[in-house]
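Chemist: Predicted model and sequence follow; I will ask about them next.
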Amino acid sequence: MKRLVTDLIHHAYQPPGGFEAPQPGVFKASTVIFPSVAAMRSREWKDKSAYTYGLHGTPTSYQLEERLCTLEGGLQCLLVPSGLAAIALVALSVLRSGDEVLLPDNAYGPNKSLVEGELMHWGITHQYYDPMDPQDLEAQISSRTKLVWLEAAGSCTLEFPDLVTMLRICKQRKVLSALDNTWGAGLAFKPFDLLPDESPALGVDISIHALTKYPSGGGDVLMGSVITRDPGLHMRLKLTHMRLGLGVGMNDVEAILRSLPSMALRYQAHDEAARTLAKWADTQPEFVQVLHPAIPGSPGHLHWKRLCVNAVGGAAGLFSVMLDGRFSRDQADAFCDALRLFKLGYSWGGPMSLVVPYELDHMRTNWPAHLEKGTLVRFSVGLEAVQDLQGDIEQALRVLR
Ligand SMILES: *Cc1c(COP(=O)(O)O)cnc(C)c1O
């Protein structure tokens, strides 16, 4: 019995090498075995030359990191347990007590919650700038500003900012720029090559991506990435990543590796359906405004056109509508409740269409002039037939008529 127990742990059989399959193998580990003490002492966890401990990666996570670098045009990648963890890692790594961070007023809500609820207690201050006004961003940069968050398109309201001008301002003022690239996903535009003609090419310093959305594509995995092109900046982030003990499960990494090859096709399908629905929604009298960067007249449409149409293209699968202010909150809720195919739920990027009503007055420092008054409803368009989705919104609109 004792021998058996040992044999089940230290078995002599080794499978033959040379196995190859379309999908990478799933290598799971906390412990990594070293062949000798010398190897244990000499191996470096900071690069991908070898393996040291599960938190620092296995062949499975190394492969996802490299593929994500290819997707976004970066050179180094860190994996974290969620998109929000990627945002937090950037903040904790580059900000110190006494520093200030600037966020667009339409930033991803939990990023605002992080600066207001956590960073503030550590003596790190924040300001919100008008995402549609690069001068406002410039005016708010001070000697204490150490990080500027950029987001294109903005969360929920989907304004497309003048990313290139804002990036130039960050570079001129020598402030680190971090982009939440979840919407663009590496497909709508290239965050590290926003100005390819400059030498060296101008791009953001850091791109974070909620892999939870399009890279996963299933609505079943949470993960985030932090991508850079500067080895020094990457090492700073990697040290914080190591000290905080951030790791990801290899089954989740495998799920993302499995979905990644179909991501561009899915993104295109979400995009086409969202444009069709947004254009149709624009003709419905109950919606006083339709927010989608590819719709002429939507805030930042020309910025989107300049950056995305000539680049890789694309506009993701989201659009929002402003439900006429004459409808009460209860009526707006009844409209959302009446939807059958659009399910009530957060997040996006999966096959199932989703809807969320938002109370914009609780999300912004002020109601921006470019947004009509009303109730904001955000649609995330899945992969269902677009006629069925349009029919679903049509039948739900009946509760308002
Ligand atoms: C969903 C989302 C995140 C966070 O992703 P999680 O994995 O859910 O934490 C960050 N930024 C944007 C723009 C998102 O939409």
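Modeler: Yes, it's here.
Chemist: Quick one: name the residues of this structure near the ligand.
Modeler: Counting by C-beta under 6 Å from any ligand atom, the positions of the chain adjacent to the ligand are 82-84, 108, 155, 180, 182, 210, 212-213, 222, 224, 347. Glycine gets a C-beta too; all of them are placed from N, C-alpha and C.
Chemist: ok, of these, which one's closest to residue 168?
Modeler: Distance to residue 168 across the residues of the chain next to the ligand (C-beta to C-beta) is lowest for residue 180, with 18.9 Å.
Chemist: that older thread, just the closest of the residues of the chain next to the ligand to residue 194, please.
Modeler: residue 180 (14.6 Å).
Chemist: Could you verify my assumption that that closest one touches residue 84?
Modeler: No: Residue 180 lies out of contact with residue 84 (C-beta atoms under 8 Å); the separation is 10.3 Å.
Chemist: Which members of the residues of the chain next to the ligand define the maximum pairwise distance?
Modeler: Across these, the longest distance by C-beta to C-beta is 17.2 Å; it joins 155 and 222.
Chemist: how much space between the residue in the stretch 51-200 of the chain positioned nearest to the ligand and residue 198?
Modeler: The nearest approach of the stretch 51-200 of the chain to the ligand comes at residue 83, 2.3 Å away (C-beta to the nearest ligand atom). From residue 83 across to residue 198, the span is 29 Å (C-beta to C-beta, to the nearest Å).
Chemist: Show me which of these two is the more surrounded one.
Modeler: Set side by side, residue 83 and residue 198 show more neighbours around residue 83, with 24 against 12, by other C-beta atoms under 10 Å.
Chemist: how about the more buried one, what does it touch?
Modeler: Residue 83 sits next to 108, 182, 208-213, 222-224 when contact means C-beta atoms under 8 Å, 6 or more residues apart in numbering.
Chemist: make it 6 Å
Modeler: Residue 83 makes contact with 210, 212, 224 under the criterion C-beta atoms under 6 Å, 6 or more residues apart in numbering.
Chemist: The second one should be in a helix, yeah?
Modeler: Translated: residue 212. No: secondary structure of residue 212 (DSSP: H, G, I helix; E, B strand; the rest coil): coil, not part of a helix.
Chemist: Show me which residues of the longest helix seen in the chain are buried.
Modeler: Counting residues, the longest helix in the chain under DSSP state H turns out to be helix 263-281. By 16 or more other C-beta atoms under 10 Å, the buried positions in helix 263-281 come out as 263-264, 266-267, 269-271, 273-275, 277-278, 280-281.
Chemist: try stretch 194-201
Modeler: Quick answer for stretch 194-201 (16+ other C-beta under 10 Å): residue 194.
Chemist: what's the span of it, first residue to last?
Modeler: For stretch 194-201, the first-to-last residue distance is 8 Å (C-alpha to C-alpha, to the nearest Å).
Chemist: got a list of contacts for that stretch?
Modeler: 164, 167, 193, 202-203.
Chemist: Relative to residue 300, how far out is the residue most central in space within the chain?
Modeler: The residue lying closest to the centre of the chain (C-alpha atoms, centre = their mean) is residue 182, at 2.4 Å. Distance from residue 182 to residue 300, counting by C-beta to C-beta: 17 Å.
Chemist: Looking at the stretch 251-400 of the chain, which residue is nearest the ligand?
Modeler: Taking C-beta to the nearest ligand atom, the stretch 251-400 of the chain has residue 347 as its residue nearest the ligand, at 5.6 Å.
Chemist: where does that residue land in three-state SS?
Modeler: coil.
Chemist: If we ignore the residues flanking it in sequence, what's nearest it?
Modeler: residue 212 (6.2 Å; C-beta to C-beta, 6 or more residues apart in numbering).
Chemist: the helices in the stretch 101-250 of the chain, which residues?
Modeler: Counting by DSSP state H, counting those that start in this stretch, the stretch 101-250 of the chain has helices at residues 109-117, 134-140, 163-172, 231-244, 250-259.
Chemist: Let's have the ones you listed in JSON lines, adding mean neighbour count and mean pLDDT.
Modeler: Listed next are the helices of the stretch 101-250 of the chain as JSON lines, based on neighbours: other C-beta atoms under 10 Å; pLDDT from 0 to 100:
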{"stretch": "helix 109-117", "mean neighbour count": "17", "mean pLDDT": "98"}
{"stretch": "helix 134-140", "mean neighbour count": "16", "mean pLDDT": "98"}
{"stretch": "helix 163-172", "mean neighbour count": "19", "mean pLDDT": "96"}
{"stretch": "helix 231-244", "mean neighbour count": "16", "mean pLDDT": "98"}
{"stretch": "helix 250-259", "mean neighbour count": "20", "mean pLDDT": "98"}
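Chemist: Could I get the phi/psi values of the residue of the stretch 251-400 of the chain closest to the ligand?
Modeler: phi 70, psi 180 (degrees, to the nearest 10).
Chemist: Run a quick neighbour tally on it.
Modeler: Residue 347: 15 neighbours (other C-beta under 10 Å).
Chemist: Now do it against residue 356, distance only.
Modeler: Residue 347 is 9 Å from residue 356, by C-beta to C-beta.
Chemist: follow-up on the earlier one: of all the contacts of stretch 194-201, which comes closest to residue 175?
Modeler: Nearest to residue 175 among these, counting by C-beta to C-beta, is residue 167 at 10.5 Å.
Chemist: Next, the contact list for the closest one, please.
Modeler: Per C-beta under 6 Å, 6+ apart, neighbours of residue 167: 177, 194.
Chemist: just the CA coordinates of stretch 385-397, formatted as PDB?
Modeler: Only the C-alpha atoms of stretch 385-397 are listed here, as PDB (Å, rounded to 0.1, in the frame of the first residue of the first chain):
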ATOM      1  CA  ALA A 385     -30.500  36.800 -35.600                       C
ATOM      2  CA  VAL A 386     -30.800  40.600 -35.900                       C
ATOM      3  CA  GLN A 387     -34.400  40.500 -37.100                       C
ATOM      4  CA  ASP A 388     -35.400  38.600 -33.900                       C
ATOM      5  CA  LEU A 389     -33.600  41.200 -31.800                       C
ATOM      6  CA  GLN A 390     -35.300  44.100 -33.600                       C
ATOM      7  CA  GLY A 391     -38.700  42.300 -33.100                       C
ATOM      8  CA  ASP A 392     -37.900  42.000 -29.400                       C
ATOM      9  CA  ILE A 393     -37.300  45.700 -29.000                       C
ATOM     10  CA  GLU A 394     -40.400  46.500 -31.100                       C
ATOM     11  CA  GLN A 395     -42.700  44.300 -28.900                       C
ATOM     12  CA  ALA A 396     -41.200  45.800 -25.700                       C
ATOM     13  CA  LEU A 397     -41.800  49.300 -27.000                       C
END
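Chemist: Sounds good, over and out.
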